[in-house]
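*Asks:* Here's a sequence, model it:
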Amino acid sequence: MIALGTNASALMARAATTSAYVDAATAMQRLSSGYRINAAKDDAAGVAIASRLTSHVHGLHQSVRNSMDAQSLAATADSSLQQIERSLQRIRELAVQAANDTHSDADRSNLNQEAQQLLTGIEAIASGTTWAGQTLLDGTFSNKNFHIGSGSTNADHITTSIGSMTLSALGLTSSTSILSGKKDSFNLTDGAENGYISTGFQTFLDGNRLGTVGFDDQNYDKNRAASFDLSTINGPLLSADLTLKVAPISDHFYTGTDSIYLTAFDDSGTELFSGYRIGFGSGMGPNSYFNSIWHSNTVGSGSFDIEFDLSDFSARQGTNLSLMEDLKSHRRLDVRVHDDTIVDYMELEILTSLQIGDLSSATSALTKIDAALQAVNSERANLGALSNRLDHVIANTTKAGANVIKSLGRIQDADFAAETTKLAKSQILAQASTAMLAQANASTQDILTLILD
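*Replies:* Just a heads-up that it's a prediction; the model follows:
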């Protein structure tokens with residue numbers, strides 16, 4: 001039927017032209033981007049799958065880098081441990097040499113000097129070996145997680161620790177106790193307040209930590225002090241404990257304002273500063289200058305001990321010095337006791353490095369050195385095993401990542417051979433349909449011929 005109102009041929013040609021142009025545009029978009037999926041409408045399910053696989057790939061790539069970082073950290077620690085092991089081997093050699101009675105005391109002293117330098121070096125390595133700001137060999141690198149997978153399960157991380165390689169941890173220490181006088185040598189008098197014990201100090205004696213620790217610049221009579229000379233102690237000072245043997249409570253121990261001063265001196269005997277003040281009574285008031293751990297034995301009918309761990313005293317107000325740093329530098333400690341406190345005697349126990357300066361210490365040092373070597377070798381074995389495990393983790397993760405990338409590519413990548421074929425087809429169809437649309441539009445002019453005739 002010849003009709004003017006509806007040109008079915010033109011409509012069909014127009015639809016074919018539109019479809020051809022849409023197909024050509026889709027093919028050109030995929031060819032230009034390289035992806036089969038450029039929008040969710042291209043493959044609704046494929047978009048979700050591709051997103052999950054992309055997350056997996058990125059996670060695997062980062063886990064490979066994490067594993068490599070962990071290997072670098074382990075290698076750094078192992079390198080330092082290797083140097084510690086070499087130092088220990090040399091110290092052992094010196095100890096064997098010092099244990100031989102063909103050497104005089106002067107010879108052993110010279111051997112001990114080299115040993116102390118090596119031990120100081122070990123302590124420096126233990127405290128100075130770091131990776132990205134984390135200290136590795138001082139015992140603080142504990143229960144650290146290396147994330148070696150792309151997920152969040154237990155299988156995706158390795159928990160590891162590196163043991164402390166400090167002299168104390170390795171057992172390369174010796175202890176020296178210095179006892180200072182009896183009560184009369186301090187020129188102390190009995191407390192003025194008979195039988196009075198402050199509530200704050202009684203709480204401390206009951207096993208609780210005392211909260212009033214402070215610093216004060218007052219000058220007290222130095223004749224009422226005990227001075228500990230540490231200049232004869234060889235090797236680095238590792239820790240120091242000061243114990244005060246306090247008279248029985250019945251002997252009028254007054255603590256309302258009692259205090260103890262700890263002061264370091266320089267080599268000439270000049271006082272460096274007024275001192276670290278430790279107060280017993282609540283009258284001193286709270287402050288935050290120090291963090292000190294206090295210990296006391298069970299209070300009985302007789303004397304009792306108060307022990308101060310001097311390693312726990314942080315920097316005093318207005319300086320960058322700590323009490324242990326003062327002791328290490330100047331090797332002298334002054335203790336001044338307030339005149340209301342009755343003290344029978346004081347004892348300073350110093351923990352320093354291993355000594356080989358005499359036959360007995362050189363012989364006993366061999367056992368400690370062997371144990372230290374065993375600890376170092378055991379830690380190196382752990383690090384070596386960790387590094388080997390990470391080698392396999394890296395290889396496996398790299399292969400897994402490659403396979404996931406392949407899977408992702410099959411879903412979202414464009415097939416260039418297929419898309420170029422579609423493009424060529426679409427372009428030909430577009431041209432043909434456009435020509436047919438023109439013919440269909442021209443066919444309506446035959447109606448004019450009928451009318452004119």
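*Asks:* so after the helix or strand hosting residue 405, what's the next helix or strand?
*Replies:* Residue 405 belongs to helix 359-412 when elements are defined using DSSP states H and E. Going down the chain from helix 359-412, the next helix or strand is helix 416-443, by DSSP H and E.
*Asks:* That next one - contacts with which helices or strands?
*Replies:* Using 3 or more C-beta pairs under 8 Å, 6 or more residues apart in numbering; DSSP states H and E, the elements in contact with helix 416-443 are helix 8-33. Using the backbone N, CA and C atoms, a C-beta is placed for each residue, glycine as well.
*Asks:* any idea how far residue 412 is from residue 48?
*Replies:* Distance of residue 48 to residue 412, computed by C-beta to C-beta, to the nearest Å: 11 Å.
*Asks:* Which of the two has more residues huddled nearby?
*Replies:* A count of neighbours by other C-beta atoms under 10 Å puts residue 412 above the other of residue 48 and residue 412, at 21 against 11.
*Asks:* Is it correct that that one is in contact with residue 37?
*Replies:* Yes: contact criterion C-beta atoms under 8 Å: residue 412 and residue 37 qualify, at 4.7 Å.
*Asks:* intersection of neighbour lists for the two?
*Replies:* 46, 50 (C-beta atoms under 8 Å, 6 or more residues apart in numbering).
*Asks:* Might you report the residue contacts of the closest residue in space to residue 171 that isn't next to it in sequence?
*Replies:* Ranked by C-beta to C-beta, 6 or more residues apart in numbering and with sequence neighbours excluded, the top spatial neighbour of residue 171 is residue 368, at 5.2 Å. The neighbours of residue 368, taking C-beta under 8 Å, 6+ apart as the test, are 171-172, 354.
*Asks:* which among the residues you listed end up buried?
*Replies:* 172, 354 (16 or more other C-beta atoms under 10 Å).
*Asks:* a markdown table please, covering the contacts of residue 368 and showing secondary structure, pLDDT and distance to residue 374.
*Replies:* Formatted as a markdown table, the contacts of residue 368 follow (DSSP: H, G, I helix; E, B strand; the rest coil; pLDDT from 0 to 100; distance: C-beta to C-beta, whole Å):
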| residue | secondary structure | pLDDT | distance to residue 374 |
| --- | --- | --- | --- |
| 171 | coil | 94 | 10 |
| 172 | coil | 94 | 13 |
| 354 | coil | 92 | 15 |
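*Asks:* what's the distance between the residue nearest to residue 171 and residue 374?
*Replies:* 11 Å.
*Asks:* for residue 127, same thing?
*Replies:* Distance from residue 127 to residue 374, by C-beta to C-beta: 22 Å.
*Asks:* distance of the residue nearest to residue 171 from residue 176?
*Replies:* 16 Å.
*Asks:* Please identify the pairing partners of the strand or helix carrying residue 243 and their relative orientation?
*Replies:* Taking DSSP H and E as the definition, residue 243 sits inside strand 237-246. Strand 237-246 pairs in its sheet with strand 304-309 (antiparallel), strand 343-353 (antiparallel), by DSSP bridges.
*Asks:* Quick one: mean pLDDT over that strand.
*Replies:* The pLDDT scores in strand 237-246 average 77.
*Asks:* one step back: identify the contacts common to residue 368 and residue 374.
*Replies:* In contact with both residue 368 and residue 374: no residue, using C-beta under 8 Å, 6+ apart.
*Asks:* Confirm residue 164 sits in a helix?
*Replies:* No: assignment of residue 164 by DSSP: H, G, I helix; E, B strand; the rest coil gives coil, placing it outside any helix.
*Asks:* which residue sits closest to it in space, ignoring its chain neighbours?
*Replies:* The nearest residue in space to residue 164 (C-beta to C-beta, 6+ apart) is residue 139, at 3.0 Å.
*Asks:* And residue 62, by the same measure?
*Replies:* residue 150 (7.5 Å).
*Asks:* what does residue 361 give?
*Replies:* In space, residue 361 is closest to residue 355, 4.7 Å off (C-beta to C-beta, 6+ apart).
*Asks:* can I assume the one you found sits in a helix?
*Replies:* No: counting by three-state DSSP, residue 355 is not part of a helix but coil.
*Asks:* list the buried ones in stretch 127-141?
*Replies:* Taking 16+ other C-beta under 10 Å as the criterion, stretch 127-141 shows 129-131, 136-139, 141 as buried.
*Asks:* Same list, those residues, but as TSV with secondary structure, pLDDT and distance to residue 448 please.
*Replies:* Listed next are the buried residues of stretch 127-141 as TSV, based on three-state DSSP; pLDDT from 0 to 100; distance: C-beta to C-beta, whole Å:
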residue	secondary structure	pLDDT	distance to residue 448
129	coil	97	99
130	strand	97	95
131	strand	96	91
136	coil	97	96
137	coil	97	101
138	coil	95	102
139	coil	94	103
141	coil	97	96
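*Asks:* can you list the residues you listed in a markdown table and add distance to residue 346?
*Replies:* Shown next, in a markdown table, are the buried residues of stretch 127-141 (distance: C-beta to C-beta, whole Å):
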| residue | distance to residue 346 |
| --- | --- |
| 129 | 37 |
| 130 | 38 |
| 131 | 43 |
| 136 | 38 |
| 137 | 35 |
| 138 | 31 |
| 139 | 30 |
| 141 | 37 |
